[in-house]
Each structure stands twice: as structure tokens, then as C-alpha cells.
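Visitor: 3D, please:
(chains A and B, ligands or ions: 1)
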Amino acid sequence: MAHFDFNQQGLDGLKMMSMIRQFESRMPILSEEGLIRGSTHPSVGMEAVATGVSLALGPQDSIASNHRGHAHCLARGADPARTMAEILGRRDGYGGGKGGSMHIGVSELGILGTNGIVGAGIGLATGAALAAQIQGTDAVSVVYFGDGASNQGVMSEAFNLAAIWQLPVVFVCENNHYAQSAPIEKMIAQPDLKQRGLAYGVPSVDVDGMSLGETYTAAAEGVERARQGRGPSFIIADTYRYLGHMAGDTEIYRKKDEVEQWKAKDPIARLAAELLDAGVLTMPDWEEIQIEAVRIVQEAEEFARNSAFPDPAEATQDVYKKEVPA
Amino acid sequence: MNTKTLTTWRALNSALTDILRDTPEAFIMGEDITSWGTGGGIHGVTRKLAKEFGAERVRDTPISEEVLISAAVGAAMRGSRPILEIMYSDFSFLGFDGIINQAAKSRYMFGGQFDCPLVIRTNGGSGVGKAGQHSQSLETLFAHIPGLEVAVPGTPADAYGLLRTAVKSDNPTIFLEHKNTYYDKGELDFRPVPFGQARIAREGTDVTVVATQQLLTRSLVAAERLQAEHGVSAEVIDPRTLYPFDMETVLTSVRKTRHLVVAHEAVRDYGWGAEVASTVVEQAWAELDAPPVRLGGARTPIPYSEPLENAVIPGVDQVFDALREVRKAGKL
Ligand SMILES: Cc1ncc(C[n+]2csc(CCOP(=O)(O)OP(=O)(O)O)c2C)c(N)n1
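Guide: Model (predicted):
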């Protein structure tokens, strides 16, 4: 059983989660200011999943993400400044402003993109795992997707394919209880999502997605299994998003006190309290971590705001590897 | 006559209300169509419908485009008239088997035994920063498939009128709204608009421009400018449906103006503009004073950043320049 190094990984995780919280909390504000076009989907409240899973990954591994994917990228090591620049459509963004919030890819970190097509990452990660298997590397791939995405046909097909071929992939469902405005109870008749993995021969577990330690442990086990050539696994992380589905959401579909109830289980406050209790963290350290998170995000934002917009001439570049004449 | 000024989304909403009232076989399904935003899907089009008609006929669905599309086909083959909302047309790709291999062929392959009165309502187009997977203009792709009808409403009146016709039609219809026109306002007389009947959106004598949706709006602005600055009079034609396509109206106009520009958001290469230009060349070669000009999206995915998005879709200036150039190229 994978061991969670509470002292070290707990602290690292706390820093990362605090930074992600800060980063994502800026999204509605930047959107309000008109700096973000289209749609952006913050993951405030869900920080433990991305962070816990990332702690279990090595540099050779890859991830595929979804529309709510900033945290997945940041936890994987993406530079907050370049991530922010992409969200603002600037030249210094990872995609030079071509992708925006829903299309952030970072090749050198194995980030196969946040994705605007719900469920699409499931297929991509399955393919990344296939490549690793064929190439004989021990790389593992992870895909993050929501409870809503679990209703896409591609999930069933991917589970079966990964299971018959024993592909090194970890499927991570972030069950935040809503797909846009659709509550999970109305959209999934069998509430025990594990059953879907088990039906295809994919080992499946539930974890408390508000706990960094629990997500890490489950992810580390899945990653280990995959690395040893023992095939896929499926993790269902129970979590919640505090903010609306996207910036500008009226949230008419849920009650305020439900949100408050979940906030009481906050993954960051909870971890900080545990670390303080254990004497691993002092109050001044904890304050310092929070100040540092704000500083990193402020710097990222400044960088992004000051980054130039791309030149319109760049619009036709990178459609093909070698530019073909228009 | 009963007329009213409404936005496109409200026009669609009132079309759906009227359809559900007078067509018992019709029902609506789609993701987040009853509890999102103001209570009616991503653009408000289905607002209050569930309240009036109940959850049997106005259904929230899981995110399962593939089964939704093929199930809509099956329901249509069995006497229902499903109206399926696909949140963005880009997501229809998940159900292309249902659209192309099933719906489009359900009549033909079985020797005409089946009707397939299905409407897929969805939206395409750029202009609001939705980037590569939420902004594509797929009208050409759909228009290419035998068996499908394709409506591309450009005004609130047409949104209302074409939707009424789409639901009545016994063929599968791709009803392609434009996401940047939902708040456009226009006068409605609440009458069905027949498919295959173009509308002359602006009369003119010197050059014909054929355009839909956002490019229709831009063409009308360009036409006014051309008149003001150069005294050139452009006739603007909105085909309203790409299949069936009213080529007669275009040919009649071109025979009068002797110049043609086709402007669309779909990628220019292999786009429907090529089809129009080529037909006009075949049938009215002698009456043209200059080669037809096509304007369309660049051969790129739609980028996110504003200056990039503006660079890949023709704007008013491009339409204006094309109209001027085609006149210059002609004998004047
Ligand atoms: C194929 C497809 N269908 C629909 C959408 C619109 N959409 C974007 S996010 C979303 C909800 C996704 O819910 P879930 O997978 O649970 O993730 P969460 O947003 O809860 O993190 C929907 C319906 C989409 N982007 N792609």
C-alpha cells in the first residue's frame, strides 16, 4: 500500500493547493473585467484531487484534462504565469493565445490538453497509455473527468479497451455532484460509479476527494499498478465545486446551504489543521504559505496582463507542421 | 397582422412554444435545458418550456451526445418528432454516425418506407471567444450529406419561421443557429418560412452578395458603406437554407448585377461558397462581368485570442473590399 508522507507531501500539497485556490479564485474577477473570453470553469474546492494525483506521478507520465483543467495543469507543474497568459489569450501563453482556458497543453509536462469536449480526454489518455505500452516505457497516463463525462460512451469503450490490453492508465472521476446544472442523482441511475469500472474488469475505488492523503494514496496505487503492467484503474473522488459551473453561472440549480455544508469540509483548511496539530506546520509558516500563494498568483497575473496579444499573422501558423501556402 | 420585435433567442423560444402546443408528436431534449442560466439552456431558448409542457416533453439529458442523436433518429422513425438541442454544433461530431449513417439514409436505404422527422437544433460560429472546440461553422459539412436538410436562420423572423418548417418536415433537419446572433433583434410575423426560398435582404443593382448569419449582418453593413462611399449598389441575398438551396434567386440577381461575392464563416476551401460560385459560372457564365469571389473562414481551427479570431473570419472590411474589387475587376 502506497504511503503518504504526511510531513513532506502534506506540506508540498498544502502549498500547491493554496496556490491553485488563489489562482482559481481570480477567474470570476478576471472574467468580470472582460479579460477572459468565452468560458472559464474554476475548480475552487476541488484542489485536493489534482494535487493528490499529481504527487503520485513521475516526469515521464502524462495527463489528459477537461474543461475544468487549470488545477490539473498547475499541479502537474505548469507555470502559473504562462497558464494565466493563455487564459487571457496572450502571446506568452502555452498555446500562444490560440487555445485559452479550455485548450491548455504543455508537451514537456505531458499535459495532453485541457479539453472543451466533455469526455474526450478519456480516449486520449487511453491512447497515451497504449503508446507507452508499445514503446516499452513505464510511463503512465491519467485522465481527469467529471461525473457528467462518465455518461459519455467513450468511457465504456475506453474501460474495455484498457482492460483487455492492460493499459497503464488511471481514470480519475472528479465527482463534484453536478454536470453544469444537472445533479448527479438525476443523471445517473446507479449512484455507485465504481460499478461501471468493475463491470469492465477495471479495479475501482471511491475516495474522499476532499482529502489530499486519500486521493494521493489511491492514485499512487493506481499508478503503481499501471507501471507494473497490471493495467488500468478507476478512482472516483467525491468532491465539490464552490463556485458556479463557469464564470457568470446564476446557480439557480442548487441551494446556498449545500455549498456551505461542503465548505465545512474544505480540503485546504482541513489539511492545514492536521499539519498544525501534528506540529509539522506552525501558524507563521501557514500564514507565509498563504502569502506566498497570493504573491505567485499576483505575479502570474501581472505577467499575463503585460504579455502582448498575438500578432494576427500568427492566426494561420501551426495548422500544419510545415506551413503550406494559403 | 400580429407582429412583434424580438431577439433571436426569444423568437426560437416562441417557435418551440407554438410547436409543442400544436404538434403532439414533438418533444425536446438536450443537456441543461431546464435549469441552466435563466432556466432555459445555454442561450435561453428553452426557457419556461418545461414549466408549461412538463418533463415528458422537455427533457434534461445526460451528457451523452452519441446516444441522444441516434435515439432521436430511432424516435423519429417511430412517429415522434424529436427536437434535439446540441449545446454547440461542435459536439455533434460525437454523434455523426447517428446523423450521417442513420438519419440521412433512413429513408433511402429502406426504399422510402421511413420518415425521419428529426430536428437537431444547435449553434455554430465565431465571435465570442469560444475557441477551437466551440466555434466551428459546420454548415458546409452538413449540406454535403445527401438526405439532410440544413437551415441557417439569419434573422429572428427566419429563426421562428424556419424552425416551424423544420419540425413539420419529414426529413432530418440540421437547424444551425449562430451563437453571436441570439441577441439580434428583428420584427416577427410568426409565420412559417418555407425551405429553399432565399430572401433578398437588400435590393441592389451592381453586385450580388450571398451570405448567411453573422456574415449576412456584416454584408449588410458593407453594402451600406459601399453605397455611401462609392455609390455602388449591392444586392444582399440570404439563402436561409443551404439544402434545399434557392439557386434561382441567386442566378436572377447575378443576371442583373453581373457580379457575385459569396461570404461565409465556414472554411472557404471546399466550402458552400464554392458550390454557389461554380453553379453561377456554369449557368450564367456569359452574364458575368468578373469572376465570382468567395470569402470564407481561413483554413485554421478557430483561435481563442481576439486578434487571432478576427484574423480568420471575414469582417465588414473584407466584405467591403471584396465587393469593391469584384466591381473593379468587372467592366464597370
Ligand atoms: C461533448 C460535450 N457536450 C457538452 C458540453 C458542454 N459542457 C461543458 S462542461 C459540461 C458539464 C460537465 O460536467 P462534468 O463532466 O461532471 O464536469 P464538471 O463540470 O462537473 O467538472 C457540459 C455539459 C461539452 N463541452 N462537450
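Visitor: what's whatever helix or strand B:Asp317 lives in in contact with?
Guide: Using DSSP states H and E, B:Asp317 sits within helix B:316-329. The contact list for helix B:316-329 (Cβ atoms under 8 Å, 6 or more residues apart in numbering or on different chains) reads B:206-207, B:209, B:211, B:215, B:218-219, B:221-223, B:225-226, B:230, B:232, B:234, B:259-261, B:263, B:290-293, B:295, B:314. For the C-beta atoms, the positions are set from N, CA and C on the backbone; glycine is no exception.
Visitor: show me the shaky parts of the stretch 51-200 of chain B.
Guide: Within the stretch 51-200 of chain B, no stretch falls below the threshold (pLDDT under 70).
Visitor: of all the residues in it, which one is nearest chain A?
Guide: Residue nearest to chain A within the stretch 51-200 of chain B (Cβ to the nearest Cβ): B:Gly129, separated by 2.3 Å.
Visitor: three-state assignment of the residue most central in space within chain A?
Guide: Centroid check for chain A by Cα atoms, centre = their mean gives A:His72 as the closest residue, at 2.8 Å. Secondary structure state of A:His72, per DSSP: H, G, I helix; E, B strand; the rest coil, is helix.
Visitor: what sits closest to it if chain neighbours are left out?
Guide: Leaving aside its sequence neighbours, A:His72 sits nearest to A:Ser65 (Cβ to Cβ, 6 or more residues apart in numbering or on different chains; 4.2 Å).
Visitor: residues contacting the one you found?
Guide: A:Ser65 neighbours (Cβ under 8 Å, 6+ apart): A:His72, A:Cys73, A:Ile104, A:Ile111, A:Leu112, A:Gly113, A:Thr114, A:Asn115, A:Gly121, A:Val143, A:Tyr144.
Visitor: find the closest residue to the ligand in chain A.
Guide: A:Gly146 (2.2 Å; Cβ to the nearest ligand atom).
Visitor: quick check: which element contains the spatially closest residue to that residue that is not a sequence neighbour?
Guide: Spatially, and ignoring its direct neighbours in sequence, A:Gly146 is nearest to A:Glu174 (5.6 Å; Cβ to Cβ, 6+ apart). Following DSSP H and E, one finds A:Glu174 within strand A:169-175.
Visitor: how many residues are close by the closest residue to the residue of the stretch 51-200 of chain B closest to chain A other than its chain neighbours?
Guide: Distances taken as Cβ to Cβ, 6+ apart place A:Arg37 nearest to B:Gly129, at 2.3 Å, with adjacent residues excluded. A:Arg37 has 21 neighbours, counted by other Cβ atoms under 10 Å in any protein chain shown.
Visitor: in three-state terms, how would A:Ala272 be classified?
Guide: With three-state DSSP as the basis, A:Ala272 sits in helix.
Visitor: test my guess that it contacts A:Leu14.
Guide: Yes - in this structure, A:Ala272 is within contact of A:Leu14 by Cβ atoms under 8 Å, at 6.1 Å.
Visitor: if I've got this straight, B:Asn180 is in a strand?
Guide: No - under three-state DSSP, B:Asn180 sits outside any strand and is assigned coil.
Visitor: in this structure it contacts B:Gly129, no?
Guide: No - with contacts counted by Cβ under 8 Å, B:Asn180 stays clear of B:Gly129, the gap being 10.5 Å.
Visitor: tell me who's in contact with the closest residue to the ligand within the stretch 51-200 of chain B.
Guide: Across the stretch 51-200 of chain B, the shortest distance to the ligand (Cβ to the nearest ligand atom) belongs to B:Phe91, at 4.0 Å. Neighbouring residues of B:Phe91 by Cβ under 8 Å, 6+ apart: A:Ile117, A:Val118, B:Glu65, B:Thr122.
Visitor: same check, this time on B:Ala234
Guide: Per Cβ under 8 Å, 6+ apart, neighbours of B:Ala234: B:202, B:204, B:206-209, B:219, B:222-223, B:226-227, B:257, B:323.
Visitor: which residues of the stretch 1-150 of chain B fall in helices?
Guide: B:8-22, B:49-53, B:65-77, B:96, B:139-143 (DSSP state H, counting those that start in this stretch).
Visitor: packing partners of the fourth one?
Guide: Meaning helix B:96. Applying 3 or more Cβ pairs under 8 Å, 6 or more residues apart in numbering or on different chains; DSSP states H and E, we find helix B:96 packed against no helix or strand.
Visitor: near the ligand, anything from that helix?
Guide: No - under the criterion of Cβ under 6 Å from any ligand atom, helix B:96 makes no contact with the ligand; the nearest approach is 12.4 Å.
Visitor: give me the distance from that helix to the chain's centre.
Guide: 18 Å (Cα atoms, centre = their mean, to the nearest Å).
Visitor: cool, the last one as well?
Guide: Remark: helix B:139-143 is offset 10 Å from the chain centroid, using Cα atoms, centre = their mean.
Visitor: quick check: the residue nearest to the centre of chain A touching A:Gly52?
Guide: No - taking contacts as Cβ under 8 Å, A:His72 lies outside contact range of A:Gly52: 11.5 Å.
Visitor: now name the helix or strand holding A:Ala300.
Guide: Residue-wise, A:Ala300 maps onto helix A:283-306 under DSSP H and E.
Visitor: residues touching that helix, excluding its own?
Guide: Counting by Cβ under 8 Å, 6+ apart, A:14-15, A:18-19, A:21-23, A:26, A:30, A:35, A:79-81, A:83-85, A:87-88, A:90, A:92-93, A:272, A:275-276 sit against helix A:283-306.
Visitor: next, the residue of chain A found nearest chain B: secondary structure please.
Guide: Using Cβ to the nearest Cβ, A:Arg37 is the residue of chain A that sits closest to chain B, at 2.3 Å. Three-state call for A:Arg37 (three-state DSSP): coil.
Visitor: follow-up on the earlier one: the ligand next: which of the contacts of B:Phe91 are close?
Guide: Okay, of the contacts of B:Phe91 touching the ligand (Cβ under 6 Å from any ligand atom), that's A:Ile117, A:Val118, B:Glu65.
Visitor: need those residues in a markdown table (columns: neighbour count).
Guide: Converted to a markdown table, those look like this (neighbours: other Cβ atoms under 10 Å in any protein chain shown):
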| residue | neighbour count |
| --- | --- |
| A:Ile117 | 21 |
| A:Val118 | 26 |
| B:Glu65 | 27 |
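Visitor: and the strands in chain B?
Guide: Ranges of strands in chain B, per DSSP state E, are B:4-7, B:26-30, B:58-60, B:81-86, B:119-124, B:149-151, B:173-178, B:185-188, B:199-202, B:207-211, B:234-238, B:241-243, B:260-267, B:293-297.
Visitor: mind giving me the packing neighbours of the fifth one?
Guide: Secondary-structure packing of strand B:119-124 (3+ Cβ pairs under 8 Å, 6+ apart): strand B:81-86, helix B:156-168, strand B:173-178.
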